[in-house]
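>>> turn this into a model:
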Amino acid sequence: MTLILGLFVAGVILVVFEVFVPGGVLGVLGSLCILAGVVVAYDEYGLMGGATSLGVAAILTVIALYVELKILPKTSLGRRLFLTRAIEGDSQAKKEEGSDSIVGKIAQSVTPLAPTGVVSLDGKKMEASSRSGFVDKNVDVKIVGKETFRIIVSKL
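Prediction:
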């Protein structure tokens, strides 16, 4: 009986620590401890003892989830642990005004392009990829395309 209680207590403690040290490892170990407690209860006390321990584990899990999701966020500790503000914006790159108008213009390589590097267009440095292989430093190149975070250039 002490082994079963020890596994349950260890499992609950590990699951509680999972709230403070996120990553999933402690939560999985805690769940495995609780599951091991249920298995040992089935082994030692048969169907009735195992079913009772399974019911207790299920009730403890529901209570723990309720406390973590409903009560803890309202406490001062919970307000420091959980994010409350939404992140503004989106994950898409912003389209620059007139960004398609740079296609066809002449830029100068700031670094060697082998095949990627930096070019300068109207004093603005941009990451570029060379379609025509290696390009030396300080060479004029033509912008032939644009991707999200870089431009495509070729030798003149």
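>>> CA atoms for contacts and neighbours, from now on please.
OK.
>>> contact partners for Met48?
By C-alpha atoms under 8 Å, 6 or more residues apart in numbering, the residues touching Met48 are Tyr42.
>>> low-confidence bits of this structure, can you list those?
Residue ranges of the chain with pLDDT under 70: 90-100.
>>> determine the longest helix present in the chain.
For the chain, the helix with the greatest residue count under DSSP state H is helix 25-66.
>>> roughly how far is that helix from the heart of the chain?
When C-alpha coordinates are averaged (C-alpha atoms, centre = their mean, to the nearest Å), helix 25-66 and its chain have centres 30 Å apart.
>>> so what touches the next helix or strand along the chain from that helix?
The helix or strand immediately downstream of helix 25-66 is helix 76-81, counting by DSSP states H and E. For helix 76-81, contacts defined as C-alpha under 8 Å, 6+ apart pick out Phe20, Leu72, Pro73.
>>> swap in stretch 106-119?
For stretch 106-119, the external contacting residues (C-alpha under 8 Å, 6+ apart) are 120-122, 125-131, 133-143.
>>> repeat that with 7 Å
Contact with stretch 106-119 is made by 120-121, 125-130, 133-143, as judged by C-alpha atoms under 7 Å, 6 or more residues apart in numbering.
>>> of the residues you listed, buried ones?
120, 126-130, 134-135, 139-143 (16 or more other C-alpha atoms under 10 Å).
>>> how much space is there between the closest residue to Ala36 other than its chain neighbours and Ala57?
Of all residues not flanking Ala36 in the chain, Leu7 sits nearest, at 6.9 Å (C-alpha to C-alpha, 6 or more residues apart in numbering). Distance of Leu7 to Ala57, given as C-alpha to C-alpha, to the nearest Å: 11 Å.
>>> shared neighbours of these two, which are they?
Counting by C-alpha under 7 Å, 6+ apart, the contacts common to Leu7 and Ala57 are Ile34.
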